[in-house]
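A.B. asks: can't give you the sequence, but here's the structure:
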């Protein structure tokens, strides 16, 4: 049984490497038409260059997973900006895609918490479709639209969770099928438990990305050992192995906030539990220190009995 690891977007081990530099709409409005375009081009080109740097960093460290920043393109979905963010960067997008494919990296996006399908407001649903379409368009420009994943949360409950879930099933019909086929859902730390998210995923045939930290902050009624086989089975109709998010709390008082690093003692019970399933899966580390947190956790795991590090970012459970 193998577990493969990756980190989110920005390689802190590299100098000045953020792929998420942006510009506010207010600042955009202060510029002339020519300056606006030039600034958007410059920022996006720099973000794409840093995305490429992060991927090379992954490859050098043998980290098989990577999450792209959703902010690669500034103001991509703002209705008043409405700029062509694909044509000027065709070659950069293709270069990123070729590198991903050549090295068989598993890549994903995680649109923000406002990208949801449970709202009563049609405008919010429309904006969610627009945002998902932006992420899909970027994957398509990279040649990764059939292998990249778009992961979101179910959304809010709005005072009535049953009604909100019904709206999810209705509103998700507005999402083009080719985009829905690349999406996953994740249990959250306040509203939808893993068990509730699983029921939605099973009905919609959407894979579930299990977040262990969120599960402990917002536990299900059903024990995790009973839930995990069904959670992992939501991936059976895809060509992917299951995916999990790991992080640990910042503190007891700020339990839902992510720690700079991932505490070994916090995640070890989960990893030992998965050993009983003998199911390979992938892990995205969600810690403030990103790649540095991943490097630290892999080093600590390699010293635990029964955990053998067989590559830079791959652990074998014996």
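C.D. replies: Done, it's in. Bear in mind that the values here come from a model prediction, so they are computed numbers and not experimental data.
A.B. asks: doesn't residue 166 fall inside a strand?
C.D. replies: No. With DSSP: H, G, I helix; E, B strand; the rest coil as the criterion, residue 166 is helix rather than part of a strand.
A.B. asks: Please tell me how far it sits from residue 5.
C.D. replies: Using Cβ to Cβ, to the nearest Å, residue 166 is found at 37 Å from residue 5. In short, each C-beta sits where N, CA and C put it, glycine included.
A.B. asks: list the contacts for the nearest residue to residue 113 once chain neighbours are set aside?
C.D. replies: Using Cβ to Cβ, 6 or more residues apart in numbering and skipping the chain neighbours, the partner closest in space to residue 113 is residue 153 (6.4 Å). Contacts for residue 153 (Cβ atoms under 8 Å, 6 or more residues apart in numbering) come out as 113, 116, 185, 186, 188, 192.
A.B. asks: Excluding chain neighbours, what is closest to the second one?
C.D. replies: This means residue 116. Leaving aside its chain neighbours, residue 116 sits nearest to residue 155 (3.1 Å; criterion: Cβ to Cβ, 6+ apart).
A.B. asks: In the sheet, which residues pair with the residue nearest to residue 113? Tell me.
C.D. replies: With DSSP bridges applied, residue 153 shows beta-bridge pairing to residue 186.
A.B. asks: coming back round to it: what about the residue nearest to residue 116, helix or strand, and which?
C.D. replies: For residue 155, there is no host helix or strand (DSSP states H and E).
A.B. asks: Surely it touches residue 114?
C.D. replies: No. Look at residue 155 against residue 114 with Cβ atoms under 8 Å: they stay out of range, at 9.2 Å.
A.B. asks: out of these two, which sits in the busier spot?
C.D. replies: residue 155 (25 against 12; other Cβ atoms under 10 Å).
A.B. asks: give me every residue that touches that one.
C.D. replies: Counting by Cβ under 8 Å, 6+ apart, the residues that residue 155 touches are 116, 117, 118, 119, 164, 168, 191, 192.
A.B. asks: Looking at those, spot the one nearest residue 257.
C.D. replies: Taking Cβ to Cβ as the measure, residue 257 lies nearest residue 191 of these, at 16.8 Å.
A.B. asks: Need the per-residue pLDDT for that closest one.
C.D. replies: On pLDDT, residue 191 comes in at 97.
A.B. asks: what's the burial count for it?
C.D. replies: Close neighbours of residue 191, defined as other Cβ under 10 Å, add up to 18.
A.B. asks: again with residue 242
C.D. replies: Neighbours around residue 242, by other Cβ under 10 Å: 23.
A.B. asks: What of the one 3 residues further on?
C.D. replies: The number of residues packed around residue 245, counting by other Cβ under 10 Å, is 21.
A.B. asks: Make 709 the first number, not 1, from now on.
C.D. replies: Renumbered: residue one is now 709, and that last one reads residue 953.
A.B. asks: Flag the shaky bits of the chain, pLDDT-wise.
C.D. replies: For the chain, no stretch is flagged by pLDDT under 70.
A.B. asks: nearest spatial neighbour of the residue nearest the centre of it, skipping sequence neighbours?
C.D. replies: Geometric centre of the chain, nearest residue: residue 818, 3.7 Å, by Cα atoms, centre = their mean. Among residues not flanking residue 818 along the chain, residue 859 sits closest, at 5.0 Å (Cβ to Cβ, 6+ apart).
A.B. asks: Residue 716 is in contact with residue 997, isn't it?
C.D. replies: No. Checked against Cβ under 8 Å, the pair residue 716 and residue 997 is beyond contact range at 10.6 Å.
A.B. asks: Name the helix or strand for residue 747, please.
C.D. replies: Using DSSP H and E, residue 747 sits in helix 741-769.
A.B. asks: Report whether the expected contact of residue 987 with residue 941 is present.
C.D. replies: No. Counting by Cβ under 8 Å, residue 987 does not reach residue 941; the two are 9.4 Å apart.
A.B. asks: What is the neighbour count of the spatially closest residue to residue 900 that is not a sequence neighbour?
C.D. replies: Of all residues not flanking residue 900 in the chain, residue 862 sits nearest, at 4.4 Å (Cβ to Cβ, 6+ apart). When counting by other Cβ under 10 Å, one arrives at 22 neighbours for residue 862.
A.B. asks: where along the chain do the helices fall?
C.D. replies: Assigned helices in the chain, in chain order: 733-738, 741-769, 798-810, 830-850, 869-879, 885-888, 902-912, 920-925, 932-941, 972-983, 998-1009 (criterion: DSSP state H).
A.B. asks: how many other residues sit next to the nearest residue in space to residue 891 that is not next to it in sequence?
C.D. replies: For residue 891, ignoring the flanking residues on the chain, the nearest one in space by Cβ to Cβ, 6+ apart is residue 858 at 4.7 Å. Residue 858: 23 surrounding residues under other Cβ under 10 Å.
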